[in-house]
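1. sequence and predicted structure, then a few things I'm wondering about:
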Amino acid sequence: MTDLAAAAGSGAGPVQGINLPAPSMTGAKSLEEALAHRRSVREFAPGALTLSEVSQLVWAAQGVTAPERRTAPSAGATYPLEIYLVAGKVDGLGAGVYRYRPRQHRLEAVAEGDIRVPLAVAAVDQQWMSQAAMVVVIAAVFERTTVRYGKRAERYVHMEAGHAAQNLLLQAVALGLGATPAGAFNDAEVSRLLHLPVDEAPLYFVPVGRVSR
Ligand SMILES: Cc1cc2nc3c(=O)[nH]c(=O)nc-3n(C[C@H](O)[C@H](O)[C@H](O)COP(=O)(O)O)c2cc1C
């Protein structure tokens, strides 16, 4: 068992991830307030995110809300998106790369170690990202949607990444956290750092962290 796997779970036998706490279906801020206050935030306070906050954020991006249905719409319900976390400072979660499993609402360990700095370098050296407690990376398996919609699926998948990112950005505001969407990065380098399978492509980053009050 890797150190990360050990840090990410408990109980007997090899542990490859962590079950997330259930997301909350209520919040203190209205949707209108979240929309009014959303702003790209690139300066973060040093505090860690809680596992509950992480749970809420990944659920907002791609959580299951009904059988075979999620928080974000999907062309033909083909669900091409995969959500990765590059965790740096999250209470109860070792620094590393994790893949979100929506059906189980669970994080699966992919690789251990804090890669926020090399990830920021791969994002045309946007060093501010390395100060975020974690970076959410939205990736996609285009094939899931192209088998049904052919070439047009390309635009559908990009639209879906926008839906998931906006859900995440608004959820961050609702939690009192800071976040920014980012599309400038080297695809090959990000795929290497995240150990993405060959049929997955990174599409969008959303670094998230605490903000100074
Ligand atoms: C598709 C897309 C890609 C973006 N890429 C980056 C990026 O790589 N780095 C960055 O700092 N901001 C990035 N942004 C954030 C924009 O700079 C920001 O949304 C814009 O300045 C408006 O500010 P606001 O988000 O505070 O309203 C991106 C936004 C979008 C929609």
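-> Great, that's in hand.
2. which residue packs closest to the residue positioned nearest the centre of the chain, ignoring adjacent ones?
-> Taking C-alpha atoms, centre = their mean, the centroid of the chain lies closest to Val136, which sits 3.0 Å from it. Distances taken as C-beta to C-beta, 6 or more residues apart in numbering place Val206 nearest to Val136, at 4.3 Å, with adjacent residues excluded. Quick note: C-beta positions are derived from backbone N, CA and C, even for glycine.
3. tell me the SS of the one you found?
-> Using DSSP: H, G, I helix; E, B strand; the rest coil, the structure places Val206 in strand.
4. so it makes contact with Gln166?
-> No. Counting by C-beta atoms under 8 Å, Val206 sits too far from Gln166 to count as a contact (9.7 Å).
5. and the closest residue in space to His37 that isn't next to it in sequence, what does it touch?
-> Leaving out its chain neighbours, the residue that sits closest to His37 by C-beta to C-beta, 6+ apart is Val173, at 5.3 Å. Taking C-beta atoms under 8 Å, 6 or more residues apart in numbering, we find Val173 in contact with 29, 33-34, 37-38, 179.
6. which two among the residues you listed are spaced furthest apart?
-> Across these, no pair lies farther apart than Glu33 and Ala179, at 15.7 Å, counting by C-beta to C-beta.
7. looking at those two, which one has more neighbours?
-> Set side by side, Glu33 and Ala179 show more neighbours around Ala179, with 29 against 14, by other C-beta atoms under 10 Å.
8. quick check: bridge partners of that one?
-> Bridge pairing for Ala179 (DSSP bridges) gives the partners Ser40, Val208.
9. quick one: Ala109 and Gly17 touch, right?
-> Yes. Checked against C-beta under 8 Å, the pair Ala109 and Gly17 is within contact range at 5.3 Å.
10. who has more neighbours out of these two?
-> Neighbour count, other C-beta under 10 Å: between Ala109 and Gly17, Ala109 has more, with 24 against 19.
11. separation between the more buried one and Arg70?
-> 22 Å (C-beta to C-beta, to the nearest Å).
12. Val135 now?
-> According to C-beta to C-beta, Val135 stands 21 Å off from Arg70.
13. of the two, who's got more company?
-> Between Val135 and Arg70, counted using other C-beta under 10 Å, the more crowded position is Val135 (26 against 22).
14. and that one, backbone torsions?
-> phi -120, psi 120 (degrees, to the nearest 10).
15. next: Gln126.
-> Main-chain dihedrals, Gln126, degrees, to the nearest 10: phi -80, psi 80.
16. okay, it: pLDDT?
-> If you check Gln126, the pLDDT there is 98.
17. is it in contact with Ala184, as I believe?
-> Yes. Gln126 is within contact range of Ala184, at 6.9 Å (criterion: C-beta under 8 Å).
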